[in-house]
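In: attaching a predicted model along with its sequence, questions to come.
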Amino acid sequence: MIIQLDPNIAAADKEAIVGNVKSLGYKATEVKTQEKLYIIGIGKKDFDIRLLGQMKGIEDIHRVSDDYKLVSRKWKVERTHIDLGDQVIIGNGSLSLMAGPCSIEDEGQVQQTIDHLVKHGIRIMRGGVFKPRSSPYAFRGLGIDGLKMWYTLARKAGIKIITEVMQVSQIAEMYDYVDVFQVGARNTQNFNLLDELGKVDKAIMIKRGISGTIEELLYSAEYVFAAGNEKLMLCERGIRTYEKASRNTMDLNAIPILKEKTHLPVIADPSHGIGIREYVDPIALAAVIAGADGVIYETHQKPEEAASDGQQTLDFEESARLIDKLKKVYALRESF
């Protein structure tokens, strides 16, 4: 169960609630986030929930059978939205678009990308400065210096930044220059990293693991929420299957399933989902029809010269056409 407490609850009242939860044979865990104070009760004994609901200091109480309780939609009917500031909001009933290169390469590339995004009304730029690569000889990013350069240019244009954090030690040095920390597919079950991201006051986007299940993705989000961070969104980016015709198998099924299971925003990544430039458009459009709250994709001024993932990256003309299509398909979806 989830017990939402009055944020100004007296210590004695909270102690009484915890004592009653324990007396029912439940384990009681306090969770304090940026927004609320909760008691999470774990147990299986059946009882009359009114015995607790009438206690002083309780704002709301819910039965949640899912093991991933805080991210479950069974207790929170209103969907979560994430305010990045400057009127950039994710999950508020509009379609959020995020675009940029796989890797941040140099100042010229960043400025050209920013100009493209501003021209087409996109407020969030993606890009990697720490790159987890399968080969140790591949380009692995510009690091913190590249992030600082990117941040300076992005802020001048009113652009927000989403970028991947790979390990706990990077969080502090990246913090001032990031609007959304991305947890990549290889780190979805890096629980030490998830715990630490739960302690920061920044938005987090968790990508589905390379061979991860929907349930495992929800458990990963629960780690962050339980550690104190409610500013969460999930990303379907395709999974590894036996199919060799595409880089990954984009699981469009996951989008409506996640929308039913969780109150968190759901973002689709068609670039990684299929890994082939020609097919990014239809997968992105299908993801929007399936219910995605946003789309994150890769674009570069010259994909054939990109330092990484050029084969799945749109050039700026292709990107502009996709933006127009996405807006039209979203409008169509909202008219249903």
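Out: Nice, I can see it. None of these values were measured; they are calculated from a predicted model. Residues are numbered from 1 along each chain as shown.
In: contacting residues for Glu216?
Out: With contacts defined as Cβ atoms under 8 Å, 6 or more residues apart in numbering, Glu216 is in contact with Thr188, Gln189, Gly209. Bear in mind the C-beta positions are built from the backbone N, C-alpha and C, glycine included.
In: by neighbour count, which of those wins?
Out: Within these, most neighbours by other Cβ atoms under 10 Å means Thr188, with 24 neighbours.
In: residue contacts, it?
Out: Listed by Cβ under 8 Å, 6+ apart, the contact set of Thr188 reads Ile206, Lys207, Arg208, Gly209, Gly212, Glu216, Leu217, Ser220.
In: spatially nearest residue to it (excluding sequence neighbours)?
Out: In space, and not counting its chain neighbours, Thr188 is closest to Gly209: 4.0 Å by Cβ to Cβ, 6 or more residues apart in numbering.
In: surely the one you found meets Gln189?
Out: Yes. Using Cβ atoms under 8 Å, Gly209 is in contact with Gln189, at 6.3 Å.
In: which neighbours do those two have in common?
Out: Glu216, Ser220.
In: tell me where the stretch 1-150 of the chain has strands.
Out: 2-5, 27-32, 37-42, 58-62, 82-83, 89-90, 96-100, 124-126 (DSSP state E, counting those that start in this stretch).
In: just send the ones you listed back as a markdown table, with mean pLDDT too.
Out: Listed next are the strands of the stretch 1-150 of the chain as a markdown table, based on pLDDT from 0 to 100:
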| stretch | mean pLDDT |
| --- | --- |
| strand 2-5 | 95 |
| strand 27-32 | 94 |
| strand 37-42 | 94 |
| strand 58-62 | 93 |
| strand 82-83 | 97 |
| strand 89-90 | 98 |
| strand 96-100 | 98 |
| strand 124-126 | 98 |
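In: take the ones you listed and lay them out in CSV including distance to Glu230.
Out: Supplementary listing: these in CSV, determined by distance: least, Cβ to Cβ, whole Å:
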stretch, distance to Glu230
strand 2-5, 12
strand 27-32, 10
strand 37-42, 10
strand 58-62, 15
strand 82-83, 9
strand 89-90, 13
strand 96-100, 17
strand 124-126, 19
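In: need those strands in TSV with mean neighbour count and distance to Glu278, can you?
Out: As requested, the strands of the stretch 1-150 of the chain are exported to TSV (neighbours: other Cβ atoms under 10 Å; distance: least, Cβ to Cβ, whole Å):
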stretch	mean neighbour count	distance to Glu278
strand 2-5	21	45
strand 27-32	14	45
strand 37-42	20	46
strand 58-62	16	46
strand 82-83	18	32
strand 89-90	20	28
strand 96-100	25	17
strand 124-126	25	20
